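Asks: let's see this in three dimensions:
(one chain, ligands or ions: 1)
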Amino acid sequence: MKGPNNPEDLHFLLLPFMAPGHMLPMSDIAVLLALRGASVTLITTPLNAARLRPTLSHHHPLISLVALPFLPAPDSGLPDGCESFDALPSRDHEPAFFRATESLLAPTLRHLRAPGRAPPRCVIADAFLPWAREIAREFRAPRLVFHGCACFATLCFHNLIANGALARVGHEREQRIIVPGMPHEVEITQEQLQVDDTRLDDLRVEMWEAGEMADGVVVNSFEELEHEYLDVYREATGKDVWMIGPVSLSNKNPSNTMDRGGKASTNELRCLDWLDQREPKSVIYVSFGSIGRLSPPQTAELARALESSGRNFMWVIKGGNNDNGLPEEFKEEPITERRMVVHGWAPQVAILSHGAVGGFVTHCGWNSTLEGVCAGVPMVAWPLFAEQFLNEKLVVDVLRVGVRVGVERPSGWAGEGVGVVGVEAIERALEEVMDGGKEGVLRRMRARELGEMARKAVEVGGSSYVNMTRLIDYVSEHMYVNDDGT
Ligand code: UDP
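Replies: Here you go, the predicted structure:
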């Protein structure tokens, strides 16, 4: 038997759900594992592999990025080439997309069974891919689940389901629910929990069961940020939980950050040049993640507020350039002294860590939130969908590094729009985050401190670094047990 330091032996299989917010942290995890001498196979579909290749290729040969064909059922209704959540035409396609991921199971097994191929010694699979169980079972490898959320939100959902609270939730969208078993009171509305799409009920059950049967959980966060919830989560699940983040900090190489998740177009490449010419901490960075869009009236209100704030801003917009509510002057002149409007993919991690950025208007997707924490910038919380209302609570009420813009109802990622946050509310939030008097200074200070803690967590000897060592040790030990047949 070879030693555990032989990368062939210490082989991790990574199965990300196909959405940038899930694939990017998983590819960062691949990098972190490779940096520690493990070999990694990351399986995804051809179009997604093309997006990940620029960042992962730097770490070749320990990372093998495998592209397997994505074959949704002919009656799935998914358009050709729709291999990622950010390519879905509408929310109606969500259930079909989740189901279509199962088409990767058989080709993945075939790939792994090929003669001479090293077996996976650990499977890290996204919580949205419950079928990954089959793979771990066949190779008798521990299966770790990756939720892609904060520990806080994961714990909230765990407790809501485990205590039956979610099953008792009625149909009244304003019904307020106290999340059971939390270290402090957490109140949320039925609607903000975003579990009302009954077409996803079966999948939720499968995900829950697969999560319950997993051997452990990998979390993209760090102990200093969420230790309160980590302890409770460990107790509630009885599982090993490894906090190994913020994983985006694995992108040390500047070309990695520029290419992360998508090739920047010419316009986007100019982001950093534009920022170079702005005063330190003077720019508001606005982004609603990889899929989030605002309704046209909401876009118009935000444009007015950004203009009237008198501050510099960089605004990244998804979903095309047509009739999206943007004022004509923003379309005709996207780049001026004060503004830069980017359509498409922006190098977010590089932007956020630029010294000119002084505040971040975010939809509170967990990756963006954590990237904001790493950058040490205060945030305006503007949740749209998924668990983002919980992340807003963490940022505003617990960590106290953000302010609410005041969204009460989720509008969904596709910008269907339910109500519009008015220009005054947006202006107030921008002002609080960029200035905000004494409280603003304290908020900025807390944000900077958290950023420093995040960086320390991933340095040699930091909490996340040590947790990664523990995770690798856990897999190595399990490997010996298997090889001995005991
Ligand atoms: N992202 C990026 N450029 C973009 C949009 C998004 O680099 O133009 C990255 C962002 O840095 C984050 C991820 O995509 O790592 C989005 O994940 P998040 O959880 O914030 O939101 P989601 O897109 O899943 O709603």
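Asks: pull up the residues of the stretch 251-400 of the chain that are close to the ligand.
Replies: The stretch 251-400 of the chain has residues 260-261, 287, 289-292, 316, 345-346, 348-349, 365-368, 371 near the ligand, with proximity defined as CB under 6 Å from any ligand atom. All C-beta atoms are positioned from the backbone trio N, CA, C, and that covers glycine.
Asks: what about 8 Å?
Replies: Residues of the stretch 251-400 of the chain lying close to the ligand (CB under 8 Å from any ligand atom) are 260-262, 268, 287-292, 316, 318, 342, 344-349, 352, 362-369, 371, 384-386, 388.
Asks: one more: the stretch 51-200 of the chain?
Replies: 85-86, 148.
Asks: thinking again about what came up before, of the residues of the stretch 251-400 of the chain next to the ligand, which belong to helices?
Replies: Among those, the members falling in helices (DSSP state H) are 268, 348-349, 352, 366-369, 371, 388.
Asks: in TSV, list those along with neighbour count.
Replies: Listed next are these as TSV, based on neighbours: other CB atoms under 10 Å:
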residue	neighbour count
E268	20
Q348	26
V349	23
L352	22
W366	27
N367	26
S368	26
T369	28
E371	24
Q388	28
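Asks: from the residues you listed, which has minimum pLDDT?
Replies: In terms of pLDDT, E268 ranks lowest among those, with 59.
Asks: what sits against the residue in the stretch 301-450 of the chain positioned nearest to the ligand?
Replies: Distance from the ligand to each residue of the stretch 301-450 of the chain (CB to the nearest ligand atom) is smallest for G365, at 2.3 Å. Listed by CB atoms under 8 Å, 6 or more residues apart in numbering, the contact partners of G365 are 21, 289-290, 292, 386, 388, 391.
Asks: could you do L203 as well?
Replies: 95, 98-99, 128, 130.
Asks: same thing but at 7 Å, please
Replies: Listed by CB atoms under 7 Å, 6 or more residues apart in numbering, the contact set of L203 reads F98.
Asks: then G419?
Replies: Counting by CB under 7 Å, 6+ apart, G419 makes contact with R409.
Asks: what are the boundaries of the helices in the stretch 351-486 of the chain?
Replies: Taking DSSP state H, counting those that start in this stretch to define them, one finds helices in the stretch 351-486 of the chain at 366-375, 388-393, 423-434, 437-458, 463-484.
Asks: quick one: pLDDT of Y480?
Replies: On the pLDDT scale, Y480 is placed at 61.
Asks: which residues of the stretch 301-450 of the chain score low on pLDDT?
Replies: 320-323, 417 (pLDDT under 70).
Asks: quickly find the element holding L160.
Replies: Using DSSP states H and E, L160 sits within helix 151-162.
Asks: sorry, back to before: neighbour-wise, give me the winner out of the residues of the stretch 51-200 of the chain next to the ligand.
Replies: G148 (27 neighbours; other CB atoms under 10 Å).
Asks: need the per-residue pLDDT for that residue.
Replies: So, for G148, pLDDT stands at 96.
Asks: hang on, it in a helix?
Replies: No - applying DSSP: H, G, I helix; E, B strand; the rest coil, one finds G148 to be coil, outside a helix.
Asks: list the contacts for it?
Replies: 21-22, 25, 126, 220, 366.
Asks: elements contacting the helix holding L160?
Replies: Using 3 or more CB pairs under 7 Å, 6 or more residues apart in numbering; DSSP states H and E, the elements in contact with helix 151-162 are helix 223-237, helix 388-393.
Asks: format the ones you listed as CSV; extra columns: distance to P61.
Replies: Below are those laid out as CSV (distance: least, CB to CB, whole Å):
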stretch, distance to P61
helix 223-237, 32
helix 388-393, 37
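Asks: comparing those, which comes out most buried?
Replies: helix 388-393 (a mean of 25; mean count of other CB atoms under 10 Å).
Asks: could you check how far whichever residue of the stretch 101-250 of the chain sits closest to the ligand is from R278?
Replies: Closest residue of the stretch 101-250 of the chain to the ligand, CB to the nearest ligand atom: S248 (6.2 Å). Look at S248 and R278: by CB to CB, to the nearest Å, they are 23 Å apart.
Asks: of those two, which one has the most company?
Replies: Set S248 next to R278 and count neighbours by other CB under 10 Å: S248 wins out with 24 against 20.
Asks: wait, isn't the more buried one in contact with V373?
Replies: No - using CB atoms under 7 Å, S248 is not in contact with V373; the gap is 10.0 Å.
Asks: leaving out the residues flanking it, which one is nearest to P297?
Replies: V420 (5.1 Å; CB to CB, 6 or more residues apart in numbering).
Asks: which ones are touching the one you found?
Replies: V420 neighbours (CB under 7 Å, 6+ apart): 297-298, 301.
Asks: out of those, the closest to E459 would be?
Replies: Closest approach between the contacts of V420 and E459, by CB to CB: Q298, at 40.5 Å.
Asks: could you pull up phi and psi at the closest one?
Replies: phi -70, psi -40 (degrees, to the nearest 10).
Asks: so, low pLDDT: which residues of the stretch 51-200 of the chain?
Replies: If you take pLDDT under 70 as the line, the stretch 51-200 of the chain has these spans: 59.
Asks: in it, which spans are helices?
Replies: 94-100, 105-113, 132-139, 151-162, 165-168, 190-193.
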